[in-house]
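> My questions are about this predicted structure, shown below with the sequence.
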Amino acid sequence: MRQYTTISQVKNYTLLNWESSWDTQVESWIEQMTKFIENYTQRVFEGVSEERVFDGAGGVNLMVDDLLEVYTLQIDDVEIDSADYKLYPANTTPYYKVYYGGGFSMGKQNIVVDGVWGYSLETPLDIEYACTVLVAGIIQNQKRLSGEKKSETIGNYRVDYSDKQIKDFEMAKYTLDFYKKSII
């Protein structure tokens, strides 16, 4: 399971030291907040190598999930030479469109792209920070730290923060909103 922060980062952020028996629960929260971030932004932030299958629509463009690199592209079980297709946007990753002048034939699950999928090869530092802040908010709520509490919400996620962490939560929310995939 991907994790966008670590127990060590959470301990350093909260300045708390807990018994090692609590680590399993904190790991679970880290996994939950990692999944929350992926669902909220509609992105995976660590590249994964795998084949993905798409339906051909008959045009010259194939819209894909965040893509970092293509190993092979097959249309109707025929491998297309990498010189014959282009990835867009041209000057940055992740790519989200494959252009093939020969056209993607119509069909169900007739296009196979083997490559590296995700927003980046490694988790961006600001996503690590956002995940750390979200997990710290859960821990703070569990530990009932002193200070006035404020409730904050991102999507279905809600947590209480003390005054001192509210600015960090706002920055985490801003970060996640920045990365949120816009639906075209």
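Cool, the structure landed.
> now the residue nearest to the spatial centre of the chain, nearest residue through space, not along the chain?
If you average the C-alpha coordinates of the chain and look for the closest C-alpha using Cα atoms, centre = their mean, you land on residue 44, 2.8 Å from that point. The shortest distance from residue 44 to any non-neighbouring residue, by Cβ to Cβ, 6 or more residues apart in numbering, is to residue 118 (4.6 Å). For the C-beta atoms, the positions are set from N, CA and C on the backbone; glycine is no exception.
> before we move on, back to that, quick one: classify the residue nearest to the centre of the chain as helix, strand or coil.
Three-state secondary structure (criterion: DSSP: H, G, I helix; E, B strand; the rest coil) places residue 44 in coil.
> wait, isn't it in contact with residue 67?
No: checked against Cβ atoms under 8 Å, the pair residue 44 and residue 67 is beyond contact range at 11.0 Å.
> quick one: common contacting residues for these two?
In the contact map built from Cβ atoms under 8 Å, 6 or more residues apart in numbering, the residues linked to both residue 44 and residue 67 are residue 117.
> For the residue nearest to residue 44, grab phi and psi.
Its backbone dihedrals place residue 118 at phi 140, psi 170, with angles given as degrees, to the nearest 10.
> In stretch 49-64, which residues are buried?
Buried residues in stretch 49-64, counting neighbours by 16 or more other Cβ atoms under 10 Å, are found at 54, 56, 62, 64.
> Tell me the gap between the helix or strand where residue 114 lies and the middle of its chain.
Residue 114 belongs to strand 107-117 when assigned by DSSP states H and E. Strand 107-117 has its average C-alpha position 20 Å from the chain's average C-alpha position, going by Cα atoms, centre = their mean, to the nearest Å.
> what's the helix or strand that it is followed by packed up against?
Beyond strand 107-117 in the direction of the C-terminus, DSSP H and E gives the next helix or strand as helix 125-143. The elements that helix 125-143 packs onto, with contact taken as 3 or more Cβ pairs under 8 Å, 6 or more residues apart in numbering; DSSP states H and E, are helix 7-14, helix 23-41, strand 157-162, helix 163-179.
> export the helix or strand following the longest one as PDB, just CAs?
Spelled out, it's helix 23-41. Under the assignment DSSP H and E, the closest C-terminal helix or strand after helix 23-41 is strand 48-56. Taking C-alpha atoms only, strand 48-56 is exported to PDB below (Å, rounded to 0.1, in the frame of the first residue of the first chain):
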ATOM      1  CA  VAL A  48       3.500   2.500 -10.800                       C
ATOM      2  CA  SER A  49       4.400   0.300 -13.800                       C
ATOM      3  CA  GLU A  50       1.500  -1.600 -15.300                       C
ATOM      4  CA  GLU A  51      -0.500  -2.300 -18.400                       C
ATOM      5  CA  ARG A  52      -3.800  -0.500 -18.800                       C
ATOM      6  CA  VAL A  53      -6.600  -1.300 -21.300                       C
ATOM      7  CA  PHE A  54      -8.800   1.300 -23.000                       C
ATOM      8  CA  ASP A  55     -11.700   1.300 -25.500                       C
ATOM      9  CA  GLY A  56     -10.900   2.800 -28.900                       C
END
